[in-house]
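Asks: kindly return the folded structure for what I paste below:
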Amino acid sequence: MEAESAAYAAGYRAVCGIDEAGRGPLAGPVVAAAVILPADYRAEGLTDSKQITKRQREKLFAVLTQDPRVRKSVASASVEEIDRLNILRATHLAMRRAAEGLPKPGADFCLIDGLPVRDFPLPQRAIVGGDALCLSIAAASVLAKVTRDRIMTELHEQYPDYGWNKNAGYGTAQHLQALQIHGITPHHRRSFAPVAQTMLPLGI
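Replies: Model prediction:
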């Protein structure tokens, strides 16, 4: 927890990690999580959620959410917000919502995976690849990823043709083929090229 330790050494008292899941898919919300870990926190296998199996993510999700010492918040930006704002601004909106949703008194400093977030309400440090380098960001990545996967699995029950329980809304061959056959749903991102092309009239 070097990044967290550096922030605490600089005088901050509540340092949270922030990460998101779902910037690239063609369907579903983008989800962000903010996590404040105890200074001495350890969890076996906690790292970037993309580097571990679904079973490991689910196990870590349970560990993180059931530990009362872990302060956390999960938020999202909807498909409508993604289409209206663009995916980057919608992602930043979800991150701000996650940070602001932390149990009071909340965080006073944030470690954010990726690049700096504009108009963020708290002091921040952006860390490219932070989900593999920073424990609190790794924790946030697990919460965001598992939460979003569960949302997409629930949506799959309503729209089973698109395989969202397996592809989480990403543009797999199955998903793209289903778009051509069945068209778009209310949960598709109309501003994303593969979806927008599906809406074009034939012959265009």
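Asks: when you work out contacts or count neighbours from here on, use the C-alpha atoms and nothing else.
Replies: Fine.
Asks: tell me the confidence at the residue lying closest to residue 13 once chain neighbours are set aside?
Replies: Sequence neighbours aside, residue 108 is the residue nearest to residue 13 in space, at 6.8 Å (criterion: C-alpha to C-alpha, 6 or more residues apart in numbering). You'll see residue 108 listed with a pLDDT of 96.
Asks: contact partners for residue 108?
Replies: Residues in contact with residue 108 (C-alpha atoms under 8 Å, 6 or more residues apart in numbering) are 12, 13, 14, 15, 122, 123.
Asks: ok, how many other residues are close to residue 158?
Replies: 8 (other C-alpha atoms under 10 Å).
Asks: can I take it that residue 42 is in a helix?
Replies: No: under DSSP: H, G, I helix; E, B strand; the rest coil, residue 42 sits outside any helix and is assigned coil.
Asks: what is the burial count for it?
Replies: 11.
Asks: tell me the spacing between it and residue 1.
Replies: When distance is defined by C-alpha to C-alpha, to the nearest Å, residue 42 is 10 Å away from residue 1.
Asks: and residue 48, what pLDDT?
Replies: 78.
Asks: measure residue 90 to residue 172 for me?
Replies: Residue 90 is 23 Å from residue 172, by C-alpha to C-alpha.
Asks: pick out whichever of these two has more residues nearby.
Replies: It is residue 90, of residue 90 and residue 172, that has more neighbours when counted by other C-alpha under 10 Å, with 24 against 17.
Asks: count residues in the vicinity of the closest residue to residue 100 other than its chain neighbours, would you?
Replies: Once flanking residues are discounted, residue 100 sits nearest to residue 106: 7.3 Å by C-alpha to C-alpha, 6+ apart. Counted with other C-alpha under 10 Å, residues neighbouring residue 106 total 19.
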